[in-house]
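Trainee: Generate a structure from the sequence data that follows.
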Amino acid sequence: MVRNRPVGVERRGGRPTHAEAAALHQRLRDAAVRTFLENGYDATTMVAIAEAAGTAKATLYARYPDKRAVFLDVIPWALSRAVPPDPAPTDDDDLRGTLIAIGRGALDHALDPDIVQLHKIARTEAHRFPEFALAADSFGWSRRQQQVMEVLRHHVEAGVLDLDDIELAAEHFIAVVEILPARLADFGVYRSPVERQRHLVHAVDLFLRGAQTR
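Mentor: Take a look at the predicted model:
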């Protein structure tokens, strides 16, 4: 019996355990994402990914037939994995504070340098990958949208908000908070923390003025 083998290190013989296989898959994915981000799609090779993962090329090919298959797997995986946890709960009666907290989480996610780069490479290669190109900008939105919808629904039921379509309102809220800062980040333009907060608070207040019961 082999003892004290580090997690993720491949066996020299025999069938790997489930935990070892999972750790290896994680290592391959992490290495592929790093390599694509550093080199771009065209300059990345299967050999480079295998070397970054510290494994044999045959091990990588046993899981992916080619570079295209790697890209299709790891880019959506990296984007979905990067969705942050739910924000800390706030007072149910503090609608404005709750929306600011959710909006801040949305901005932190959208402006994370790795997320910006992941979205950029996904859009750049969209012509090669129509199967997920349409969803490249929406990874992370679904969970955030559900958060906003739950908050809006609670306050609609309480009579504070007057909204006919909660789902569409949540989508518009995310768009007004996140889209412009995210697009600026694509060009390397990042607002200062003060300006970011000013943008967020204005967006929340503008949304509430249109949504509150009169």
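
Trainee: mind listing what's buried in stretch 168-188?
Mentor: Ala169, Ala170, Glu171, Phe173, Ile174, Val176, Val177, Glu178, Pro181, Ala182, Ala185 (16 or more other Cβ atoms under 10 Å). In short, each C-beta sits where N, CA and C put it, glycine included.

Trainee: where in this structure is pLDDT low?
Mentor: Scanning the chain for pLDDT under 70 picks out the ranges 1-16, 82-92, 131-142.

Trainee: thinking again about what came up before, save the buried residues of stretch 168-188 as JSON lines, and put in distance to Val116 and secondary structure too.
Mentor: Converted to JSON lines, these look like this (distance: Cβ to Cβ, whole Å; DSSP: H, G, I helix; E, B strand; the rest coil):
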{"residue": "Ala169", "distance to Val116": "27", "secondary structure": "helix"}
{"residue": "Ala170", "distance to Val116": "23", "secondary structure": "helix"}
{"residue": "Glu171", "distance to Val116": "21", "secondary structure": "helix"}
{"residue": "Phe173", "distance to Val116": "21", "secondary structure": "helix"}
{"residue": "Ile174", "distance to Val116": "17", "secondary structure": "helix"}
{"residue": "Val176", "distance to Val116": "19", "secondary structure": "helix"}
{"residue": "Val177", "distance to Val116": "16", "secondary structure": "helix"}
{"residue": "Glu178", "distance to Val116": "12", "secondary structure": "helix"}
{"residue": "Pro181", "distance to Val116": "10", "secondary structure": "helix"}
{"residue": "Ala182", "distance to Val116": "7", "secondary structure": "helix"}
{"residue": "Ala185", "distance to Val116": "5", "secondary structure": "helix"}
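
Trainee: ok, of those residues, which one's closest to Gln117?
Mentor: Ala185 (9.7 Å; Cβ to Cβ).

Trainee: what residues are up against the closest one?
Mentor: By Cβ atoms under 8 Å, 6 or more residues apart in numbering, the contact set of Ala185 is Ala110, Leu111, Val116.

Trainee: Would you check that the last one makes contact with Asp186?
Mentor: Yes - the pair Val116 / Asp186 is scored as a contact, 6.5 Å apart, by Cβ atoms under 8 Å.

Trainee: if we can go back for a sec, which of the contacts of Ala185 tops the neighbour count?
Mentor: Ranked by neighbour count (other Cβ atoms under 10 Å), those have Ala110 at the top, with 22 neighbours.

Trainee: No further questions, thank you.
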